[in-house]
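Asks: What follows is a protein structure lacking sequence information:
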DNA sequence: CGCTTACCGGTAAGCGCTTACTGCACCCTA
DNA sequence: TAGGGTGCAGTAAGCGCTTACCGGTAAGCG
């Protein structure tokens, strides 16, 4: 049946049309399920498509109807050498991307990804090129300055993750305030700890700033004493967490009764450093994380942390972007609820306390 | 300077041209660095581009010069619940993709990714749609039947990973034979083990078939006795490895002195199952893996395995695809060298034996 | 000083597809 | 039987870009 004709010049709908004995318009209509072609016409077209194993060209399609059905996703890839367990941070991003993909697939979109190394140059140019190939962009944390975003947003809708909305771009993030509040309250009210510390993340991360601020506000509100200052500056990595503890201890400072960490990676490093000094968790110092990465439950002790709906975050980001692409609207700032996961590093006995709370979404409209 | 003109209708090179007072051809030439525009012309164009923050449309470009500068990548994503540590298999794929990206970036290509769940339907249609949006496709292991590949290859160049070349597609893989041979020789010759077993991977995986066959050949050649049969069928997962051991033991079979596993995941499950029965590794049974995933070195005992150059594999796959796209050539079957990583699960004492070998690439041309 | 040569820049023709518009049959109604 | 619908299919115009081709200007040469 199938011709042995090995087509090498690109196959177009003209080829399909002539083989089926119809016009290109009909081919297009059949392929897109538009209009109401006669059954026979439809059949002839499908037959020809099958015989030629024709696949319509995406670029031509995109050009013609102004929709590429592609979202660009930009994120950071580690490059430096990794602390043990650090690999997890990759996963983290991948889970979000997976969520984006899920959302995208529902609309027939695909993901055009581009990762950026910590010391890549001409990042803005790369992202711009990506923008040209996509209908919209989703930028992971700290990929582009506000100015850079503004410039690009003229051409393409942009959604940022865990950042903050700009006049030109939308943002999706998790409810950091609620997470920190839940953690602080659990430590202060449920456990009665009176002194708290917060090992922060990268100083330039919006997420970190929010968490840091929420920590101070909530701790004070709960009536606890807090330790702060540059000595508490981490960088989201396990190594960073470990070195904060090490330098604090080396400086002879007394640790607070409980330490909140900017993320689970940091907590991992903190617990490690503490163990090396013979300080017990949670008996001497209680520790909490943020993120609930997969290994969190396997640490010793299992880590009390905040679970963020990563995959949902990705999916939501796509949805927002999509609504911006198709309608032009889109909520400027979307906040997703997080959940307190109580394990043992806070001082709770195994399985004793099954606290679990969910934040209300601020305003979750269409 | 910048006009407050909030362009909403798509910006085109016509806009840039009129603002710069030149023709669209000049704009295009400047943007692509072709021809030899006068310095002044170039400057005016660049200025206009900057002021408008213009980004050329990828689809139009692609349509016009027949090159999208996009590679489609299709792979499997786990969906089932995971055994502890199983997450690693994600990483595995991501490392390869990362490699593809590195290669792609060198040529200004981006990655259009699409993951397929184990029970997604209309996979072929999805892949076809992807093909329409890309200049070529890279398919991870077992994504499409040979027929499906043949059909698509009519329209787009295809490179498969860890598969086997078909008349229509190219393939890139690691040197499984060498890896297995190195493992078998190390176990038989260096350690003197006389009986070997091989816990296989998914039956339909070309990689697995190759490894399995190599195992039998090499073991026999080395003069060892081998255990085979359906009882040794695993599926690349830790759970699969564990259940092979469990059923073997439950059936009262005596285990061989050394067991090779189809991959590290499997080895992880095997070691776990052995530990549960109180069988010591490597004193009672030596175990080896394949892949050298990051956790391999952290197992107890650290896993002797074969390291595959994952990232290179990805990069190579892209290069092959690229040469096919641009020139039409491309080596049908590319084999990358692997390396024996000796740790302790084979019976070597910590750091005692620093064996390390590298296979020669069969024929590594341009 | 006039003509050739070189060099830029502009005009216009597509790339493969979608879709508005138009044309043609055929069927229904009066 | 004639007029008006109705419904399908075809023609052609464009989507935003690249580039072959051509024309004009200025420099070089005899």
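Replies: Thanks, I have it. Quantities reported herein were computed from a predicted structural model and do not represent experimental measurements.
Asks: thought residue A:75 was touching residue A:118?
Replies: No. Taking contacts as Cβ atoms under 8 Å, residue A:75 lies outside contact range of residue A:118: 11.9 Å. C-beta: built from backbone N, CA, C; applies to glycine.
Asks: So which of the two has more stuff around it?
Replies: residue A:75 (20 against 9; other Cβ atoms under 10 Å in any protein chain shown).
Asks: For chain A, which segments count as helices?
Replies: Secondary structure of chain A by DSSP state H: the helices cover A:13-20, A:24-32, A:39-52, A:58-65, A:88-106, A:123-132, A:146-153, A:176-185, A:206-221, A:238-250, A:264-276, A:310-326.
Asks: residues from the stretch 1-150 of chain A in reach of DNA strand C?
Replies: A:10, A:12-14, A:24-25, A:27-29, A:31-32, A:34, A:56-57, A:60-61, A:63-65 (Cβ under 7 Å from any atom of the strand).
Asks: I'd like to know which of the residues you listed are buried.
Replies: Buried members of those, counted by 16 or more other Cβ atoms under 10 Å in any protein chain shown: A:13, A:27, A:28, A:29, A:31, A:56, A:57, A:60, A:61, A:63.
Asks: Farthest-apart pair in those residues, please.
Replies: Maximum pairwise distance among those (Cβ to Cβ): 18.5 Å, between A:29 and A:63.
Asks: Now do the contacts for the closest residue to residue A:26 other than its chain neighbours.
Replies: Closest residue to residue A:26 apart from its sequence neighbours, by Cβ to Cβ, 6 or more residues apart in numbering or on different chains: residue A:41 at 5.8 Å. Taking Cβ atoms under 8 Å, 6 or more residues apart in numbering or on different chains, we find residue A:41 in contact with A:22, A:26, A:30.
Asks: By average pLDDT, which secondary structure element in chain A comes out worst?
Replies: Counting by mean pLDDT, DSSP states H and E, chain A has its least confident helix or strand at helix A:88-106, which shows a mean of 82.
Asks: my read: residue A:137 touches residue A:75, true?
Replies: No. Residue A:137 is beyond contact range of residue A:75, at 11.3 Å (criterion: Cβ under 8 Å).
Asks: hang on, the earlier thing: now the contacts of residue A:41 as TSV including distance to residue B:253, pLDDT and neighbour count?
Replies: TSV is the format used below for the contacts of residue A:41 (distance: Cβ to Cβ, whole Å; pLDDT from 0 to 100; neighbours: other Cβ atoms under 10 Å in any protein chain shown):
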residue	distance to residue B:253	pLDDT	neighbour count
A:22	66	93	20
A:26	65	94	21
A:30	60	94	23
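Asks: How about the residues of chain A by DNA strand D?
Replies: Residues of chain A lying near DNA strand D (Cβ under 7 Å from any atom of the strand): A:22-26, A:29, A:35-38, A:40-41, A:60, A:63-64, A:66.
Asks: Repeat the analysis, applying 10 Å as the threshold.
Replies: A:13, A:17, A:20-30, A:35-45, A:59-66, A:132, A:155 (Cβ under 10 Å from any atom of the strand).
Asks: Give me the pLDDT for residue A:13.
Replies: Residue A:13 carries a pLDDT score of 95 in this model.
Asks: In contact with it, which residues?
Replies: So residue A:13 contacts A:24, A:27, A:28, A:31, A:54, A:56 (Cβ under 8 Å, 6+ apart).
Asks: and chain B, which of these contact it?
Replies: A:54, A:56 (Cβ under 8 Å from any Cβ of the partner chain).
Asks: ok, for the residue of the stretch 151-300 of chain A found nearest DNA strand D, nearest residue in space, not its chain neighbours?
Replies: The minimum distance from the stretch 151-300 of chain A to DNA strand D, using Cβ to the nearest atom of the strand, falls at residue A:155 (9.5 Å). Sequence neighbours aside, residue B:55 is the residue nearest to residue A:155 in space, at 4.8 Å (criterion: Cβ to Cβ, 6+ apart).
Asks: my guess is the one you found meets residue A:128, correct?
Replies: Yes. Using Cβ under 8 Å, residue B:55 is in contact with residue A:128, at 5.1 Å.
Asks: any shared contact partners between those two?
Replies: Shared contacts of residue B:55 and residue A:128, counting by Cβ under 8 Å, 6+ apart, come down to residue A:152.
Asks: per-domain residue ranges of chain A.
Replies: A:13-56, A:70-174+A:310-336, A:176-309 (automatic domain parsing).
Asks: what is the rounded mean pLDDT of the longest one?
Replies: Translated: domain A:176-309. 92.
Asks: Check the offset of that domain from the chain's centre.
Replies: Distance, stretch centre to chain centre, for domain A:176-309: 22 Å (Cα atoms, centre = their mean, to the nearest Å).
Asks: Is there proximity between that domain and chain B?
Replies: Yes. Judged by Cβ under 8 Å from any Cβ, domain A:176-309 and chain B are in contact via A:294, A:298.
Asks: cool, stretch A:103-110 as well?
Replies: Yes. Judged by Cβ under 8 Å from any Cβ, stretch A:103-110 comes into contact with chain B through A:108, A:110.
Asks: Do me a favour and get the end-to-end distance for that stretch?
Replies: 10 Å (Cα to Cα, to the nearest Å).
Asks: same thing with stretch A:330-339?
Replies: 25 Å.
Asks: Over to stretch A:162-176?
Replies: Note: stretch A:162-176 ends 10 Å apart using Cα to Cα.
Asks: now swap in stretch A:293-309 and tell me
Replies: 11 Å.
Asks: Tell me how many other residues crowd the closest residue to residue A:189 other than its chain neighbours.
Replies: Once flanking residues are discounted, residue A:189 sits nearest to residue A:222: 6.6 Å by Cβ to Cβ, 6+ apart. If you count neighbours by other Cβ under 10 Å, residue A:222 ends up with 17.
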